[in-house]
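J.: What shape does this take:
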Amino acid sequence: MDSLVIIGNHLYRHKVLRINYTTYDGCCRQDSLNPRNHADFMTLSHETDVANPHPYWYGRIIGIFHVRVRYFQPGRYAPEIQHIPFLYVRWFGRDTSFPLGFKHKRYPRIGFDDPEHAFTFLDPDQIIRGAHLIPGFAYDKSLAALGPSLACLPSDKDQDWLYFYVNM
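T.: Numbering: from 1, shown residues only. Here you go, the predicted model:
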């Protein structure tokens, strides 16, 4: 029977995640992401069942962690300790009713997803780079998206912007 043992029952929390990426002109750059003030990121999309798929998904980092584990499988002797980094994230959902792109001269509009499906764990290697999101100031803030939560910064007073625009 397979088993996974977390060494010392310790979960380690980190303040900063650094993501290396390549710019459009071939230069190497690095983003520093952290849950306090630069937490938004983008990953490749896995949309296949929608009429007009968007190439990216967007999320916000709630926590940066790692654990040291040992994975036991039958027939294997003395497995090595593995270092597994992961993120706790809150996903944005794309507003599919909002036309976007160069043809429409509009940035993509996103908002926080349904709270039931909005939180997951993510491998940091899936992040392409940080994202710059512009709050939709015309739509104001609301408690409706999540309500009181540890996922909101104290300065937000448990309110979320209804929409954000993805700066391209």
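J.: Can you find the helix or strand in this structure with the smallest mean pLDDT?
T.: Ranked by mean pLDDT, DSSP states H and E, the weakest helix or strand in the chain is strand 141-142, scoring a mean of 68.
J.: residue contacts, the most centrally placed residue in the chain?
T.: Nearest to the geometric centre of the chain sits G59, at 3.3 Å (C-alpha atoms, centre = their mean). Going by C-beta atoms under 8 Å, 6 or more residues apart in numbering, G59 touches D40, F41, M42, T43, V89, R90, W91, F92, L122. For the C-beta atoms, the positions are set from N, CA and C on the backbone; glycine is no exception.
J.: Next, the fifth one: phi, psi?
T.: In other words, V89. Dihedral angles of V89 (phi, psi; degrees, to the nearest 10) stand at phi -130, psi 160.
J.: ok, now how distant is the residue lying closest to it once chain neighbours are set aside from E47?
T.: Leaving aside its sequence neighbours, V89 sits nearest to G59 (C-beta to C-beta, 6 or more residues apart in numbering; 4.4 Å). Distance of G59 to E47, computed by C-beta to C-beta, to the nearest Å: 14 Å.
J.: biggest strand in this protein, by residue count?
T.: Selection of the longest strand in the chain by residue count, based on DSSP state E, yields strand 56-72.
J.: quick one, phi/psi of D125?
T.: Taking degrees, to the nearest 10 as the convention, D125 sits at phi -70, psi -10.
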